[in-house]
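Asks: Sequence and predicted structure, then a few things I'm wondering about:
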Amino acid sequence: MTLKRLLAVACTLVALLPVAAHASLSAGAVETTLDNGLKVIVKPDRRAPVVISQLWYRVGSIDETNGITGISHVLEHMMFKGTPSVPAGEFSRVVAAAGGKENAFTSRDHTVYHQQLAASQLPLVIRLEADRMRNLILDADEFAKEIQVVMEERRWRIEDQPGSLLYEVLLGTALQAHPYRLPVIGYMDDLRHMTIDDVRDWYRRWYAPNNATLVVVGDVEPEQVFALAREHFGPVPAAALPARKPQAEPEQNGIRRVHMSGIAEQPTVTMAWRAPTLTDPAGDWRPYAIDILAGVLNGYPGARLGTSLVREQRIAADVDAYYDGLGRGPSLFMLGGTPADGVSIVRLEQALRDQVARIQKEGVRPEELARVKSQVIAAMVYARDSISHQAKMIGNLESAGVGYRNDALMLERMRAVTAEQVQEVARELFVDERLTIAILDPLPMPANGAATGAPKGPPPGARH
């Protein structure tokens, strides 16, 4: 969960922070682990007679290698193609007929299947998910059709979007060994040459109860959910999972630059610095300070980048700062934007560098620190009004290995960040030895075309 995402829901809630400051994501949550290794986490929330069920498989593009990139996402698509008892397409139809909605998404770290429906219908989706965890039919004809869908998705999401393609190129330059460099949706050539046997093997390797977490939030009794899980998931045998070896990215020893051409009205620049990942919620302090640093730069309407570069100096048409320190792999702090008309990309790059250099030299003002901390903490608290968001936060923290029960501790650690710590991480972080710069050089627009700008932050995870 990034500061920027949290701030998006916080702006009107800051004044209410003292009322809800004691709320905890883990309050009332109960968990158990079945004999086959499936972890089940239940958070009762009885404000409405609805329930969210999310099944998190700890497999994503981080587990892939060259030659099979995108396979986790392809399998996500194939999970809707039926079992002996539930024909292709029937899963979605049955959930809709029960008044629910469902979807799935794949990320670098996990693949998630989720449903929202009346609490009384929870047994239905538990049964359906347990069935396809073990009994999925991976039909060659269905695969031949679905791989075309995935390739078309790559065309319109990545290859026809210069900003998304630039992000892909940036990752492949900043990270040269770790699989986070690989696109979640996969490279086109790998998709073209993928086979149904590749997908079957991936399903057998990773889709097992001891590689999954079931998260249920809503108007439910935990013991009843545990009983349902034992009834339907309990018979699914555990699997011998592949060994996950350490995948440390080698140290970067100098600035890296990459240019890419694409159809666009304006050039864009994105700078990425290697940054620490949160691994010890109690002992780490740098990830919290970097989250606050991102907020100082661009986390609210009066933040530094927008105020100085867009409104006052008019150097940039838009600017962004992005950091996500939660995951199983290395993190990056990204800073970038699009120059205003008549401004060169070189000038914008220097202006962005000047902004971070100013923080390195002068630090942050007490009022900036207080405002950003209030907003991010308010957002983290009030986001829990959504049962869907509660489930996603629990799943994210569990998948990253941080643990959802540390959420209150993480709030306190965020509150404890000092101005001196923000300045210190800025001095450590913004050095050329950690920096990769990607620039989009615009090509002329086709006569009947339309420009596609660079997205703010990474493109969202591929979805079913």
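Replies: Now that the structure is in, tell me what you want to look at.

Asks: Name the next helix or strand downstream of the helix or strand bottoming out on mean pLDDT in the chain, please.
Replies: Least confident helix or strand, the chain: helix 17-20 with a mean of 34, by mean pLDDT, DSSP states H and E. As assigned by DSSP states H and E, the chain's next helix or strand after helix 17-20 is strand 30-33.

Asks: Would you mind writing the CA trace of the following helix or strand past that following strand as CSV?
Replies: Remark: after strand 30-33, the chain's next helix or strand is strand 39-44, criterion DSSP H and E. Extracted in CSV, the C-alpha atoms of strand 39-44 (Å, rounded to 0.1, in the frame of the first residue of the first chain):
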residue,chain,number,x,y,z
LYS,A,39,-4.3,-20.4,6.1
VAL,A,40,-7.8,-19.0,6.8
ILE,A,41,-8.2,-15.4,8.1
VAL,A,42,-11.7,-14.2,9.1
LYS,A,43,-12.5,-10.6,10.0
PRO,A,44,-16.2,-10.2,11.2
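
Asks: Could you list every helix and strand in contact with strand 39-44?
Replies: Applying 3 or more Cβ pairs under 8 Å, 6 or more residues apart in numbering; DSSP states H and E, we find strand 39-44 packed against strand 30-33, strand 212-218, helix 222-232, helix 387-399. Where C-beta positions appear, they are placed from N, C-alpha and C, glycine not excepted.

Asks: Contacts for the next helix or strand after the third one, please.
Replies: Later in the chain than helix 222-232, the nearest helix or strand by DSSP H and E is strand 256-263. Under the contact criterion Cβ atoms under 8 Å, 6 or more residues apart in numbering, strand 256-263 has outside partners 162, 165-166, 169-170, 173-174, 435-446, 449, 451-452.

Asks: Kindly reformat the helices and strands packed on strand 39-44 as a markdown table containing distance to Glu420 and mean neighbour count.
Replies: Below are those laid out as a markdown table (distance: least, Cβ to Cβ, whole Å; neighbours: other Cβ atoms under 10 Å):
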| stretch | distance to Glu420 | mean neighbour count |
| --- | --- | --- |
| strand 30-33 | 38 | 16 |
| strand 212-218 | 38 | 26 |
| helix 222-232 | 44 | 17 |
| helix 387-399 | 28 | 21 |
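
Asks: could those go into a markdown table alongside mean pLDDT?
Replies: Shown next, in a markdown table, are these (pLDDT from 0 to 100):
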| stretch | mean pLDDT |
| --- | --- |
| strand 30-33 | 98 |
| strand 212-218 | 98 |
| helix 222-232 | 98 |
| helix 387-399 | 95 |
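
Asks: do you know which of those lies nearest Glu102?
Replies: Ranking those by proximity to Glu102 (Cβ to Cβ) places helix 387-399 first, at 12.0 Å.

Asks: Quick check: phi and psi on Thr106?
Replies: Main-chain dihedrals, Thr106, degrees, to the nearest 10: phi -120, psi 140.

Asks: Would you mark the buried spots in stretch 116-131?
Replies: 116-119, 121-122, 124-131 (16 or more other Cβ atoms under 10 Å).

Asks: same check, this time on stretch 266-273
Replies: In stretch 266-273, counting by 16+ other Cβ under 10 Å, buried: Gln266, Pro267, Thr268, Val269, Thr270, Met271, Ala272, Trp273.

Asks: Restricted to helices, list the buried residues of stretch 116-131.
Replies: Secondary structure from DSSP state H places Leu122, Leu124, Val125, Ile126, Arg127, Leu128, Glu129, Ala130, Asp131 of the buried residues of stretch 116-131 in helices.

Asks: and those residues as TSV, adding distance to Arg311 and pLDDT?
Replies: Below are these laid out as TSV (distance: Cβ to Cβ, whole Å; pLDDT from 0 to 100):
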residue	distance to Arg311	pLDDT
Leu122	50	98
Leu124	52	98
Val125	48	98
Ile126	52	98
Arg127	55	98
Leu128	52	98
Glu129	49	98
Ala130	54	98
Asp131	55	98
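
Asks: now, which of the residues you listed sits nearest Asp45?
Replies: Closest to Asp45, out of all of these and judged by Cβ to Cβ, is Leu122, at 13.3 Å.

Asks: on that earlier part again, quick check, nearest of the ones in helices among the buried residues of stretch 116-131 to Leu278?
Replies: Glu129 (29.3 Å).

Asks: can you give me the helices for the stretch 251-400 of the chain?
Replies: Secondary structure of the stretch 251-400 of the chain by DSSP state H, counting those that start in this stretch: the helices cover 286-298, 304-305, 345-362, 366-382, 387-399.
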